[in-house]
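# no sequence for this one, just the structure:
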C-alpha cells in the first residue's frame, strides 16, 4: 500500500517554494517598514500640529491673562478712589456729628447750671469747646495726615491704643449681636 502524502506538508517543500516564502517575508518586512515610517511621519505631523495649537492656546491665555490683569488694576484703582471718597464722606460726617454733639452740650449747659451748679455747666461748655476744636481739626486734616496721627498715637501709647481697640471691638460686637 502506498501512502499518499499531502502536498501541503512541510516535508515536501521544494527549493522554489522556500524561495517564495523568503520573498513574502521580505515583502512583508518592507510593507511593515513603510507602514512604520508612515506612522512615524504621522506622529511627527501630529506632534507639530499639537505644538502649534498649544503655542496658540498659550499665547491666547497669556493675552487674556494680561487683559484680566489690566482690568483688575483698573477695578483696583476704582475701588481705591471709591474707598477714599467714602472715607472722606465718613470723616465729614464724623466732624458734623462732633459739631452737633457740641451744640447739644452747649444748649444743655444752662440746664446743668440751674440743676447742678455753674461748675458743671462750665465743664459741659469746656467739653463742647473741645469737641468743636476736634471737629475743626478733623475737617482740616487729610486722610493721610489722620492715618499718620493714628500711627504716631499707637507708637507713643500702645497700651491705650490696644484698650481703645478692644473697647471699640466690644461695642461693635454688642451692637451687631443685638440685631
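That came through, no problem. Everything numeric in this text was worked out from a predicted model, so none of it was measured.
# which other helices and strands contact the longest helix seen in the chain?
Ranked by residue count and defined by DSSP state H, the top helix of the chain is helix 15-115. With contacts taken as 3 or more Cβ pairs under 8 Å, 6 or more residues apart in numbering; DSSP states H and E, helix 15-115 sits against helix 118-140, helix 143-156. Quick note: C-beta positions are derived from backbone N, CA and C, even for glycine.
# Just say which of those helices is most tucked in.
helix 118-140 (a mean of 15; mean count of other Cβ atoms under 10 Å).
# That one vs helix 15-115, what angle?
Going by axes from the mean of the first three to the mean of the last three Cα atoms, to 10 degrees, helix 118-140 is angled at 150 degrees with respect to helix 15-115.
# can you list contacts of helix 118-140?
The contact list for helix 118-140 (Cβ atoms under 8 Å, 6 or more residues apart in numbering) reads 91-92, 94-96, 98-99, 101-103, 105-106, 108-110, 112-113, 146.
# how far out from the middle of the chain is that helix?
45 Å (Cα atoms, centre = their mean, to the nearest Å).
# Narrow the contacts of helix 118-140 to those that are buried.
Neighbour counting over the contacts of helix 118-140 (16 or more other Cβ atoms under 10 Å) leaves 91, 95, 98-99, 102, 105-106, 109, 112-113 as the buried ones.
# Which single one of those residues is nearest to residue 38?
Nearest to residue 38 among the buried ones among the contacts of helix 118-140: residue 91, at 77.7 Å, using Cβ to Cβ.
# I'd say that closest one and residue 142 touch.
No. With contact defined as Cβ atoms under 8 Å, residue 91 does not reach residue 142; the gap is 9.1 Å.
# Could you report the pLDDT at the most centrally placed residue in the chain?
What sits nearest the mean C-alpha location of the chain, by Cα atoms, centre = their mean, is residue 72, with 9.3 Å. pLDDT, residue 72: 93.
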